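>>> Here is my input, please return the structure:
(one chain, ligands or ions: 1)
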Amino acid sequence: MADATPLDDLKQLETQALTHLQQCADEIELRAWNTQYFGDKGLMKSAMSNLGKIPKDQKPAYGAELNRIKAAVTVAYDAALAEAKEKSLQISLTTNPLDVTLPGRTQIRGRLHPATQILQQVYAIFADLGFQVYRTREVETDELNFELLNMPAHHPARDMWDTFFTTTGAVLRTHTSPGQIHVMREAAGKPIRVILPGMCYRNEAISTRSEIQFYQVEGLVVGEGVTMADLKGVITAFARRMFGPERQVRIRSSYFPFTEPSIEVDIDWPKDDPNRDRLTKGTGWLEILGAGMVHPNVLRAGGYDPEKVTGFAFGMGPQRMLMLKHAIDDIRLFWQNDLRFLKQF
Ligand code: PHE
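As a prediction, the model looks like this:
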């Protein structure tokens, strides 16, 4: 019998490749097969490099045959691979059925507390109006919280703030107004336009409208020729942006020891809210801030000359603003950490 010719070798390679292919049980084995035959060091490659050793007159026939085999084997491989994939899909569908009617898994995402969100809105509005944010301490002395704000010891107006005193005589600030003194002393005679946000504390009965701890945002503007009209302008511009143009703003005269004259500002409670009467004590209005022209004694305590400069100040309750925006009927919801409430913001 004559020796096997190069063409016979190719024929045998084809048979071997196809037989092997049929023995592959799954996709992994098929991929291994592919590497064995078509990889960089694969058998098809070496058949290709054999071409150089083939006698010249047999080369065209060898080349043509090799190409035919490569094509045929590739078609067989692609078909086998598609079949294996389909088979494994069927297996996973039957052994591990997927119930597409089950509810999805909810992604739990964190969010900012509504009190923080409203504070950030307040900052953004005042930033537009040219105010800087200034932070001061929550634990104050009696001097800062009262005396320098024109309330000497035994001043009856101190009763407006039920105060938490510590055993060492410090007080938890009852309002952000002591910050006015801190700012003026630091600005040392220069013009001032700041807001002072922060937590305040009052030893009060907790109710739907009052908590023992709550946020305030103080505002202070000091400079030459600052007037009540400027105060009114800033407050109404703020209220328009915070509540929209359709909500009403009401300014009433009031009394604070550290401002003269003094005012309070109310916003009308949403008209369609059934709790309106209860939450506004039948008035339809909720107070959001106290304000006024800085008292000369307070300017002096801050190191400013009331003959040369004037100023206005306000102290607002951002949580009440959120209540007004969304008709929230109980300020206590803010610190109860009830997710059903918090998740709505
Ligand atoms: N500090 C006052 C309060 O807490 C509010 C206020 C601030 C009034 C600034 C006038 C000026 O009730």
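
>>> residues from the protein in reach of the ligand?
Residues of the chain lying near the ligand by C-beta under 6 Å from any ligand atom: 175, 177, 218, 256, 259, 290-292, 313-315. In short, each C-beta sits where N, CA and C put it, glycine included.

>>> Tell me which two of these sit farthest apart.
Spatially, the most separated pair among the residues of the chain next to the ligand is His175 and Gly292, at 13.2 Å (C-beta to C-beta).

>>> any idea how far Trp161 is from whichever residue of the stretch 51-200 of the chain sits closest to the ligand?
Going by C-beta to the nearest ligand atom, the ligand is nearest to His175 of the stretch 51-200 of the chain, at 3.3 Å. Using C-beta to C-beta, to the nearest Å, His175 is found at 7 Å from Trp161.

>>> next one: Thr19
For Thr19, the distance to Trp161 equals 95 Å [C-beta to C-beta].

>>> what about the two, which has more around it?
Just comparing Thr19 and Trp161: by other C-beta atoms under 10 Å the higher neighbour count belongs to Trp161, 20 against 9.

>>> how about the more buried one, what does it touch?
Contacts for Trp161 (C-beta atoms under 8 Å, 6 or more residues apart in numbering) come out as 174-175, 202.

>>> Could I get the pLDDT score of it?
At Trp161, the predicted lDDT confidence score is 89.

>>> now do Glu140
pLDDT for Glu140: 96.

>>> List the contacts of it.
Neighbouring residues of Glu140 by C-beta under 8 Å, 6+ apart: 170-173, 178.

>>> Please check those residues and keep the buried ones.
Using 16 or more other C-beta atoms under 10 Å as the burial test, these include 170-173, 178 as buried.

>>> Same list (those) but as a markdown table, adding pLDDT and secondary structure.
Shown next, in a markdown table, are the buried ones among the contacts of Glu140 (pLDDT from 0 to 100; DSSP: H, G, I helix; E, B strand; the rest coil):
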| residue | pLDDT | secondary structure |
| --- | --- | --- |
| Ala170 | 94 | coil |
| Val171 | 95 | strand |
| Leu172 | 96 | strand |
| Arg173 | 97 | coil |
| Pro178 | 98 | helix |
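
>>> Output the contacting helices and strands for the strand or helix carrying Phe314.
Assigned by DSSP states H and E, Phe314 belongs to strand 310-316. If contacts are counted by 3 or more C-beta pairs under 8 Å, 6 or more residues apart in numbering; DSSP states H and E, strand 310-316 sits against strand 213-223, helix 228-243, strand 259-268, strand 285-294.

>>> what's the offset of the longest helix along the chain from the middle of its chain?
Of all the segments assigned as helix in the chain under DSSP state H, the longest by residue count is helix 59-95. Distance of helix 59-95 from its chain centroid, counting by C-alpha atoms, centre = their mean, to the nearest Å, is 53 Å.

>>> what sits against the closest residue to Lys343 other than its chain neighbours?
Leaving aside its chain neighbours, Lys343 sits nearest to Arg111 (7.8 Å; criterion: C-beta to C-beta, 6 or more residues apart in numbering). Going by C-beta under 8 Å, 6+ apart, Arg111 touches 342-343, 345.

>>> quick one: secondary structure of Arg111?
The three-state assignment at Arg111 reads coil, by DSSP: H, G, I helix; E, B strand; the rest coil.

>>> where does this structure dip in pLDDT?
Scanning the chain for pLDDT under 70 picks out the ranges 1-3.

>>> now the end-to-end length of stretch 257-275.
Using C-alpha to C-alpha, to the nearest Å, one end of stretch 257-275 lies 34 Å from the other.

>>> Just to check, Tyr215 is in contact with Leu119?
Yes. With contact defined as C-beta atoms under 8 Å, Tyr215 counts as touching Leu119 (6.3 Å).

>>> Now list whatever residues contact both of the two.
Joint contacts of Tyr215 and Leu119 (C-beta under 8 Å, 6+ apart) are 197, 318.

>>> The strand holding Phe314 to strand 213-223, inter-axis angle?
Angle, strand 310-316 to strand 213-223, by axes from the mean of the first three to the mean of the last three C-alpha atoms, to 10 degrees: 160 degrees.

>>> Quick one: residues in contact with strand 310-316.
Contacts for strand 310-316 (C-beta under 8 Å, 6+ apart): 122, 175-177, 180, 192, 216-228, 230-231, 234-235, 258-259, 265, 288-294, 299, 304.

>>> do the same with stretch 273-290
208-209, 235, 239, 250, 254, 256, 259, 262-271, 314-317, 320-321, 323-324, 327, 329.

>>> Report how many residues lie close to the nearest residue to Glu224 once chain neighbours are set aside.
Spatial nearest neighbour of Glu224, chain neighbours left out: Val309 (5.6 Å); criterion: C-beta to C-beta, 6+ apart. Residues lying near Val309 (other C-beta under 10 Å) number 17.
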